[in-house]
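S.K.: Output the structure for:
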Amino acid sequence: MHRLSSTTRPLLTFMASAPPYWSPAALALRLLPLKVAHIPDVRHVSGFPRGYRNIASTRRGAKGKPNRGLPISSTKNHSAISQGMKKVEARGTTLEVRRSATKERKWAVVLSNDEEDVSPVEILPKSTHRDGSLYNTSTHVWKRNYQVADRSETRVEPMMLSNPTNCTIRNGRCTQHVPRHMLQCFSIKLAKLFVDSGTVELYGYIAVRDGLDPLLNYVVNLSRDDPIIVEQGSLIKMSGPKRGIDMYNIILIEYDMRIKTGEKEDDDLQLIDGISVIEDMGGLWNCAFTTRIAGDHGEIDFTSSRVRRAVEATVEVTISQVQSSFDLCLRCFIGGFDEEIRLFDGAIGESRGLKRSVIALVEGSTMDLKFRIGAESSAGSAEHGCSFKADTHGHATRGIKTGFGLISVKVTWSTLIHGF
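M.R.: Below you'll find the predicted structure:
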């Protein structure tokens with residue numbers, strides 16, 4: 001299947017194939033209680049590999065829960081379900097496969113029946129960092145289209161159309177700068193850890209490359225000199241994205257996360273490494289889905305949603321007139337979703353501005369910010385909140401006065417720039 005972008009955007013040509021959801025093979029696979037991600041051997045180099053797992057195509061029920069028995073991506077090797085299992089018990093109990101640490105990276109994960117909300121994701125062949133295969137752009141067209149050898153950060157800034165001068169207003173609305181389909185990341189979690197220690201020092205990055213500008217748009221970016229200490233089940237602090245993620249073309253999720261174990265980087269353990277794909281055709285919109293990225297020493301859960309007719313909200317929070325130190329947890333909820341976006345969780349000891357956050361939400365919907373504030377070393381806390389209605393341009397401000405200090409919130413609205 002060949003797809004062309006708009007003539008106002010860089011020309012991107014992709015080729016991919018997967019069994020239709022209604023095909024006999026796919027229907028048969030839907031009856032299986034297991035979900036397996038398998039990367040077949042791929043010899044063609046003209047585009048994306050055949051049978052790659054579209055991590056945004058999960059079919060779900062009315063409440064956003066995935067239907068049990070999703071089709072797996074490869075129809076060539078159905079016997080894979082019976083290979084490599086270490087433990088298989090009766091239906092309704094844990095079904096488990098530990099992926100072997102091989103360079104072929106064929107096995108991702110077989111999910112437990114108790115983890116209905118999670119689907120496995122495939123890693124594109126020849127897309128790993130440590131062996132250098134990602135940077136060989138002669139092997140796949142998509143590597144050149146998305147400039148994967150270029151390690152620069154995206155050049156596009158947020159709020160680029162927050163105050164445009166060329167609007168066309170009809171019936172009180174701007175028709176010149178319209179909402180775009182966007183991707184919103186809710187959370188990233190260390191789902192599984194295949195090492196004996198209870199906690200680990202984690203560093204590395206997770207970034208997206210989209211059709212607006214294929215350079216790296218970091219969602220997580222942790223240096224080896226400043227890793228985070230996490231345990232299995234912990235959320236991984238998101239540092240981005242820097243600007244809204246365009247869902248107009250196929251999106252690449254690029255990741256290289258490692259566990260720090262000693263003085264030298266060569267001794268560190270690889271958590272996840274490679275590139276996966278989110279498709280802009282088919283699947284669900286305005287519904288959160290969780291996918292699991294498997295690696296040699298652990299697994300990461302990535303919860304996100306493809307949002308139709310979205311605008312970009314840039315949230316800036318300033319804490320001033322601080323009376324005493326306090327703990328602050330700032331959560332964001334966007335209209336139509338139960339999932340929270342954790343914007344900040346830490347201690348405030350002096351007046352300061354928090355990290356700027358960029359959120360994608362449907363035009364006209366509501367964004368709620370909830371501030372949970374408590375004294376340090378105190379079990380009690382109070383919650384304050386403010387709400388904003390999503391618009392295409394302009395900004396809105398709110399002020400919250402607490403016993404610990406003054407919280408000022410500014411939200412700037414913008415649509416994504418076209419034809420960058």
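
S.K.: can you pull the pLDDT of the residue at the greatest distance from the centre of the chain?
M.R.: Within the chain, residue 323 marks the point farthest from the mean C-alpha position, 36.9 Å out by C-alpha atoms, centre = their mean. On pLDDT, residue 323 comes in at 90.

S.K.: Assign it to helix, strand or coil.
M.R.: With DSSP: H, G, I helix; E, B strand; the rest coil as the basis, residue 323 sits in coil.

S.K.: measure it to residue 409 for me?
M.R.: Between residue 323 and residue 409 the computed distance is 19 Å (C-beta to C-beta, to the nearest Å). No exception for glycine: its C-beta is placed from N, CA and C like everyone else's.

S.K.: in the stretch 301-420 of the chain, which segments are predicted with low confidence?
M.R.: Where the stretch 301-420 of the chain drops to pLDDT under 70, the residues are 377-379, 419-420.

S.K.: same thing with the chain?
M.R.: For the chain, the stretches with pLDDT under 70 are 1-116, 281-283, 377-379, 419-420.

S.K.: List the buried residues for stretch 199-206?
M.R.: 200, 201, 202, 203, 204, 205, 206 (16 or more other C-beta atoms under 10 Å).

S.K.: How about the most centrally placed residue in the chain, nearest residue that isn't a chain neighbour?
M.R.: Note on the chain: the residue nearest the mean C-alpha position is residue 185, at 4.4 Å, using C-alpha atoms, centre = their mean. Nearest residue to residue 185, sequence neighbours excluded (C-beta to C-beta, 6 or more residues apart in numbering): residue 304, at 4.6 Å.

S.K.: strand partners of the helix or strand harbouring that neighbour, parallel vs antiparallel please.
M.R.: According to DSSP states H and E, residue 304 maps onto strand 298-320. Paired neighbours of strand 298-320 in the sheet (DSSP bridges): strand 180-193 (antiparallel), strand 289-294 (antiparallel), strand 352-353 (antiparallel), strand 357-362 (antiparallel), strand 406-414 (antiparallel).

S.K.: Number of residues surrounding residue 399?
M.R.: The number of residues packed near residue 399 is 11, by other C-beta atoms under 10 Å.

S.K.: Pretty sure residue 405 is one of the things it touches, is it not?
M.R.: No: contact criterion C-beta atoms under 8 Å: residue 399 and residue 405 do not qualify, at 11.4 Å.

S.K.: Could you tell me the end-to-end distance of stretch 161-173?
M.R.: From its first residue to its last, stretch 161-173 covers 14 Å (C-alpha to C-alpha, to the nearest Å).

S.K.: Show me the strands in the stretch 251-400 of the chain, by range?
M.R.: Ranges of strands in the stretch 251-400 of the chain, per DSSP state E, counting those that start in this stretch, are 251-260, 269-278, 289-294, 298-320, 326-334, 341-348, 352-353, 357-362, 366-375, 382-389, 395-401.

S.K.: So what's the residue count around residue 347?
M.R.: With other C-beta under 10 Å as criterion, residue 347 counts 9.

S.K.: From residue 238, how far off is the residue nearest to residue 185?
M.R.: 11 Å.

S.K.: tell me, what's touching these two both at once?
M.R.: Both residue 304 and residue 238 are contacted by residue 185, under the criterion C-beta atoms under 8 Å, 6 or more residues apart in numbering.

S.K.: who has more neighbours, these two?
M.R.: residue 304 (25 against 20).

S.K.: quick one, phi/psi of residue 250?
M.R.: phi -60, psi 140 (degrees, to the nearest 10).

S.K.: What count of nearby residues applies to it?
M.R.: Neighbours of residue 250 using other C-beta under 10 Å come to 24.

S.K.: quick one: it and residue 276 touch, right?
M.R.: No: between residue 250 and residue 276 there is no contact under C-beta under 8 Å: 10.9 Å.

S.K.: related to what we said a few turns ago, looks like the residue nearest to residue 185 contacts residue 186 (just checking).
M.R.: Yes: Residue 304 lies in contact with residue 186 (C-beta under 8 Å); the separation is 6.1 Å.

S.K.: before we move on, the earlier item: which residues does the residue nearest to residue 185 bridge with?
M.R.: residue 185, residue 289.

S.K.: how near is it to residue 287?
M.R.: 10 Å.

S.K.: Also residue 347?
M.R.: Distance from residue 347 to residue 287, by C-beta to C-beta: 35 Å.

S.K.: Equivalent analysis for residue 373, please.
M.R.: 32 Å.

S.K.: any chance of the strands paired with strand 298-320 in CSV, plus distance to residue 256?
M.R.: Listed next are these as CSV, based on distance: least, C-beta to C-beta, whole Å:
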stretch, distance to residue 256
strand 180-193, 14
strand 289-294, 11
strand 352-353, 29
strand 357-362, 22
strand 406-414, 30
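
S.K.: closest one to residue 381 among these?
M.R.: strand 406-414 (14.5 Å; C-beta to C-beta).

S.K.: before we move on, the earlier item: was I right to think the residue nearest to the centre of the chain contacts residue 236?
M.R.: No: in this structure, residue 185 is not within contact of residue 236 by C-beta under 8 Å, at 11.1 Å.

S.K.: Let me know whether residue 222 touches residue 238 as I believe.
M.R.: No: counting by C-beta under 8 Å, residue 222 stays clear of residue 238, with 10.5 Å between them.

S.K.: circling back: ok, the residue farthest from the centre of the chain touching residue 403?
M.R.: Yes: look at residue 323 against residue 403 with C-beta under 8 Å: they come within range, at 6.9 Å.
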